[in-house]
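**Student:** here is a sequence together with a model predicted from it:
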Amino acid sequence: MLTAYVGAALTGAPPEFVKGFLPLLKKKIRKIQIEVLDFIGLEAGTALVVFRHDRKCTENADICVFILDHPSTGLGMEIMLRAAAGKPALFFARRGVRVTRMLLGFLEERGIKVHRYRSAIGICRVLRISTRRIIRYEESLLVSQTAKSYRHFVFVEISEILTDDHLQDYYHEFDKNEVVRIFKHYEVEMVNRIINRRVFLGSTACVA
């Protein structure tokens, strides 16, 4: 099961957001079969415990969902930690809410737009689409590892054919360059297109 971490303002956010909207959002995320990694919150633990726990969640989750409705120093730190980890994240702000231009510029530089939402359902809709891409990407990585093993096999075979007298006798009807061409053809056609697959998140969307 994929994991998601929801990052949002807590200390300066209104109670209806912290105790109303965020629990509702997490509940709906769990309903689409995604495990939510919970932050500690405003009361439990020391400052150091909170930092270490939230950092671990931010860096290790399969995807982060950042809600930008309210300004927050901690949220900004989590966004930068996630960016440093080089892992996918989705950014949401309620329609009509102003988001600091510092963050908007940071996201624009990376080709990421903020999703404008009206309800938790809209956030889950975008999240479900994005997690499907992550699953496909992870599957492609598994295939990619197999492809890399095949690539290693290809070059070993080429090397042996060109250096081993017995193997050269076996392939005596082929020119050496022809043997290399055959193996390279398979490598290009069967390996490179798999290894070069990529997943792109962060497209512009206005959701319900």
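**Tutor:** Received the coordinates, thanks.

**Student:** quick check: beta-bridge partners of residue 116?
**Tutor:** Taking DSSP bridges as the rule, residue 116 bridges to residue 93, residue 206.

**Student:** where along this protein do the helices fall?
**Tutor:** 15, 22-31, 47-60, 73-85, 101-109, 120-163, 165-170, 176-187, 193-195 (DSSP state H).

**Student:** point out where this structure drops to low pLDDT.
**Tutor:** 41-43, 45, 134-208 (pLDDT under 70).

**Student:** try it again at 90.
**Tutor:** 1-2, 38-47, 49-50, 87, 113, 128-208 (pLDDT under 90).

**Student:** distance of residue 81 relative to residue 61?
**Tutor:** Computed with C-beta to C-beta, to the nearest Å, the distance linking residue 81 and residue 61 is 11 Å. Backbone N, C-alpha and C define where each C-beta goes, glycine included.

**Student:** looking at the two, which one has more neighbours?
**Tutor:** Using other C-beta atoms under 10 Å, the more surrounded residue of residue 81 and residue 61 is residue 61, with 24 against 18.

**Student:** contacting residues for the nearest residue to residue 72 once chain neighbours are set aside?
**Tutor:** For residue 72, ignoring the flanking residues on the chain, the nearest one in space by C-beta to C-beta, 6 or more residues apart in numbering is residue 9 at 3.4 Å. Residue 9 is in contact with 17, 67, 69-72, 74-75, counting by C-beta atoms under 8 Å, 6 or more residues apart in numbering.

**Student:** state the distance from residue 24 to residue 108.
**Tutor:** Residue 24 is 30 Å from residue 108, by C-beta to C-beta.

**Student:** wait, I meant residue 28
**Tutor:** 29 Å.

**Student:** the two: which is more packed in?
**Tutor:** Ranked by neighbour count (other C-beta under 10 Å), residue 28 and residue 108 place residue 28 first, with 17 against 12.

**Student:** surely the more buried one and residue 121 touch.
**Tutor:** Yes: using C-beta atoms under 8 Å, residue 28 makes contact with residue 121 at a distance of 6.7 Å.

**Student:** and the end-to-end length of stretch 60-78?
**Tutor:** 12 Å (C-alpha to C-alpha, to the nearest Å).

**Student:** pull out the buried residues from that stretch.
**Tutor:** 61-70, 72, 74-76, 78 (16 or more other C-beta atoms under 10 Å).

**Student:** just to revisit the earlier point, now the residue nearest to residue 72: phi and psi?
**Tutor:** Here is the backbone geometry of residue 9 (degrees, to the nearest 10): phi -70, psi 140.

**Student:** next, work out how far apart it and residue 70 are.
**Tutor:** For residue 9 relative to residue 70 (C-beta to C-beta), the value is 4 Å.

**Student:** returning to that earlier point: farthest pair in the buried residues of stretch 60-78?
**Tutor:** 62 and 70 (24.9 Å; C-beta to C-beta).

**Student:** in strands, which of the buried residues of stretch 60-78 fall?
**Tutor:** Counted as lying in strands by DSSP state E, out of the buried residues of stretch 60-78, are 63-67.

**Student:** redo the residues you listed as CSV? Include distance to residue 133.
**Tutor:** Shown next, in CSV, are these (distance: C-beta to C-beta, whole Å):
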residue, distance to residue 133
63, 10
64, 15
65, 15
66, 18
67, 20
